[in-house]
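Trainee: whatever this is, show me its structure:
(one chain, ligands or ions: 1)
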Amino acid sequence: MASQVLRTLAEVKAWAADLRRAGHRLALVPTMGFLHEGHLSLMREGRKRADVVATSIFVNPAQFGPKEDLSRYPRDLEGDLSKCASAGVDVVFVPEAGAMYPPGYETYVEVTEVSKGLCGDRRPGHFRGVATIVTQLLSLFRPDVALFGEKDYQQLQVIKALNRDLHLGVEILGMPTVRELDGLAMSSRNAYLSAEERKRALALSIGLGTAQSLYRSGSTEASALIEAVRRELRAADLREDYVELVDAERLTPLSSVQPGQPARLLVAAFCGTTRLIDNQPIGG
Ligand code: AMP
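Mentor: Have a look, this model is predicted:
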């Protein structure tokens, strides 16, 4: 069955209020569209955890820097709506930018600590934009559970922090990264890659895998694990943005993996002009 499309804030508010009155449990999956299996895995999990699933498709201008790809970000609303229907999504919210940021809009949400470092440092203002739109969406829909991908690991920690600190009371669920058969993390931005770049892009997941094997064979120093990823990036001629080993929750840099301490290895690199990210748990 086709998903119902909502375009205005008034429609969402009325729909969500009816839902609550009827005592339904709601799962929300915020996205920027150009949907792939990674997004659909969140929607399907939402179906298991709630009796109604809503998704939003909104390319949020507030999270793009002035030199980033807002205007050329891939879009395919018709394809997205049929994918949403096949994943069992009940409602798709597709707002205009002017609805989320009308004239006079002046409230922004800043998560101060986990936004530091990693993508937060390389993309100034990015997480402020993410935190602001997610806060708006959680406030509008008031879902019981909201699902996000571990692919955007720092983003997931930012969202957990704002949900906790602003007392939003939503269950924030992080879901594992869905990959192509060869290991590349699925991303809407993979559409930018040429065939030749697509092959080189594998260096991110291969590097993380090599680091994981190194760790399993007893190597716990951050420098060795990071170097394993860097070697793959260099071999594939990718330009490193960062490779870091951090505490899995606070995202503070670690010099080594301690027994029982969950750590995460994160990488960002440019493949041509396309910026790709990936990450993996280490230890814990
Ligand atoms: P985006 O449309 O890129 O903003 O992503 C919307 C949601 O889908 C975010 O919670 C992402 O973390 C998640 N997501 C994106 N790619 C993947 C993937 N490969 N596996 C799992 N979740 C993903």
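Trainee: quick one, phi/psi of residue 172?
Mentor: Note on residue 172: backbone dihedrals following degrees, to the nearest 10 are phi -100, psi 120.
Trainee: next one: it from residue 121, what distance?
Mentor: For residue 172, the distance to residue 121 equals 23 Å [C-beta to C-beta, to the nearest Å]. C-betas here are computed from N, CA, C, even on glycine.
Trainee: ok, these two, which is more surrounded?
Mentor: The residue with more neighbours, out of residue 172 and residue 121, is residue 172; 19 against 12, by other C-beta atoms under 10 Å.
Trainee: need the pLDDT of that one.
Mentor: pLDDT recorded at residue 172 is 98.
Trainee: could you check how far it is from residue 35?
Mentor: 20 Å.
Trainee: kindly report the same for residue 243.
Mentor: Residue 243 is 29 Å from residue 35, by C-beta to C-beta.
Trainee: in this structure residue 257 contacts residue 265, no?
Mentor: No: with contact defined as C-beta atoms under 8 Å, residue 257 does not count as touching residue 265 (9.2 Å).
Trainee: test my guess that residue 260 contacts residue 248.
Mentor: No: using C-beta under 8 Å, residue 260 is not in contact with residue 248, being 11.6 Å away.
Trainee: overlap of the contact sets of these two?
Mentor: residue 284 (C-beta atoms under 8 Å, 6 or more residues apart in numbering).
Trainee: just the helices from this protein, written as ranges.
Mentor: For the chain, the helices defined by DSSP state H cover 9-21, 37-49, 77-86, 97-100, 118-122, 126-141, 153-165, 195-200, 203-216, 222-235.
Trainee: now render these as CSV, adding distance to the ligand and mean pLDDT.
Mentor: As requested, these are exported to CSV (distance: least, C-beta to the nearest ligand atom, whole Å; pLDDT from 0 to 100):
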stretch, distance to the ligand, mean pLDDT
helix 9-21, 18, 97
helix 37-49, 2, 98
helix 77-86, 10, 98
helix 97-100, 14, 95
helix 118-122, 12, 98
helix 126-141, 8, 98
helix 153-165, 6, 98
helix 195-200, 15, 98
helix 203-216, 11, 97
helix 222-235, 18, 98
